[in-house]
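Peer 1: need a structure here:
(one chain, ligands or ions: 1)
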Amino acid sequence: MDLHFTKGQGTGNDFVLFADPEGENELSPTQIQAVCDRKFGVGGDGLIRAVRSSKLAAGAASLDEDADAEWFMDYWNADGTVSEMCGNGIRVYARYLIDQGLVALEPGDTLAIGTRAGVRDVQRNRTGFQVDLGRWKLAGGEPLVRARNLPVARPGLGINVGNPHVVVALADDAELDAADLSYIPQLDPEPAGGTNVEFVVPSDPLVVDGVGRIRMRVHERGSGETLSCGTGAVAAALATRHWAGAGAPNQWRVEVAGGVLGVRMFPTEDGEHVSLSGPAELVFDGVLGLG
Ligand SMILES: N[C@@H](CCC[C@H](N)C(=O)O)C(=O)O
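Peer 2: A predicted model of the protein is given here:
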């Protein structure tokens, strides 16, 4: 089979995307690993299949919340495992659907996209996209996190924004730079199903013009260290606001190795939601022969 793909990225978090509107070409975990391999394949932190929600295999996801989500983001990590949600990926996915002529979306317009975490609204803006990640949750527990080259294990804060995260505050930039994230951070207790782990350092001053500022590095479940993680940036901002206490802002600028992401917490009738904004680019198209 020939895979007609597009490579895309959002703040350096890179994805291989392909269109399977009728749901006829689901890839196996082994094929996904091969496509995402940086030496023998296209290379990517994850793979996204564009499939119509109506063509999903029964039980793949519940789309009860919004029957208008014509398109589903079928997201897979580079190691061939699924994830419920991807904050950078969903912006790149919106860009891809527009580029393929599968949806029309002008700046200011909103598109509902199905994900394993539920339906998410993505709004196109002048420079990129903003996604409403819905209600966030404290995941409970404060696992002790050990990472190579860090002097001590520290408690992390578990946060779920559709997918699982544990956020750890480090002492300073020097510690953040020294952490060796080519090894999987060890958690005690280890959360069932694994987790993404974010390491954060507040900027000094923490708040400028009402916007909180942090730096972050991430070890993604199923992909290793990446240049950025959108849902991770959201979890990191939520955790930092939690630690900062009363008076902490609801708007955050998160600096990652691949660029800058914006996070905003806002009230809704349904409780507090959190949104993520940032760029989304398509890089090149290609065809890969799959055995
Ligand atoms: N890079 C993504 C998150 C991708 C999924 C994650 N590795 C997981 O397993 O949950 C993002 O931008 O949010």
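Peer 1: Glu225 touches Leu181, doesn't it?
Peer 2: Yes. At 3.9 Å, Glu225 and Leu181 qualify as touching, with contact defined as CB atoms under 8 Å. Every C-beta, even on glycine, is put in place using the N, C-alpha and C of the backbone.
Peer 1: so who does Asn13 touch?
Peer 2: Asn13 is in contact with Asp45, Gly46, Cys86, Asn88, Gly89, Thr226, Leu227, Ser228, Cys229, Gly230, Gly258, counting by CB atoms under 8 Å, 6 or more residues apart in numbering.
Peer 1: and the fifth one, what element?
Peer 2: Assignment of secondary structure by DSSP states H and E places Gly89 within helix 87-99.
Peer 1: The next helix or strand after that helix and the ligand, are they touching?
Peer 2: Using DSSP H and E, the helix or strand that directly follows helix 87-99 along the chain is strand 110-115. No. Judged by CB under 6 Å from any ligand atom, strand 110-115 and the ligand are separated, with a smallest distance of 10.6 Å.
Peer 1: ok, and what's touching the next helix or strand after strand 110-115?
Peer 2: Sequence order places strand 118-124 as the next helix or strand after strand 110-115, per DSSP H and E. Here strand 118-124 makes contact (CB under 8 Å, 6+ apart) with 62-63, 65-66, 69, 85, 90-91, 94, 98, 105-113, 129-134, 162.
Peer 1: Please pick the buried ones from these.
Peer 2: Buried members of the contacts of strand 118-124, counted by 16 or more other CB atoms under 10 Å: 63, 69, 85, 90-91, 94, 98, 105, 111-113, 129-134, 162.
Peer 1: got the CA coordinates for the helix or strand hosting Leu261 in PDB?
Peer 2: Applying DSSP H and E as the criterion places Leu261 in strand 259-268. Extracted as PDB, the C-alpha positions of strand 259-268 are listed here (Å, rounded to 0.1, in the frame of the first residue of the first chain):
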ATOM      1  CA  GLY A 259       8.500  28.000  20.300                       C
ATOM      2  CA  VAL A 260       5.800  29.600  22.400                       C
ATOM      3  CA  LEU A 261       2.200  28.500  23.200                       C
ATOM      4  CA  GLY A 262      -0.600  30.400  24.800                       C
ATOM      5  CA  VAL A 263      -2.900  29.100  27.500                       C
ATOM      6  CA  ARG A 264      -6.100  30.700  28.900                       C
ATOM      7  CA  MET A 265      -8.500  29.500  31.600                       C
ATOM      8  CA  PHE A 266     -12.000  30.900  31.300                       C
ATOM      9  CA  PRO A 267     -15.400  30.400  33.000                       C
ATOM     10  CA  THR A 268     -18.300  28.700  31.200                       C
END
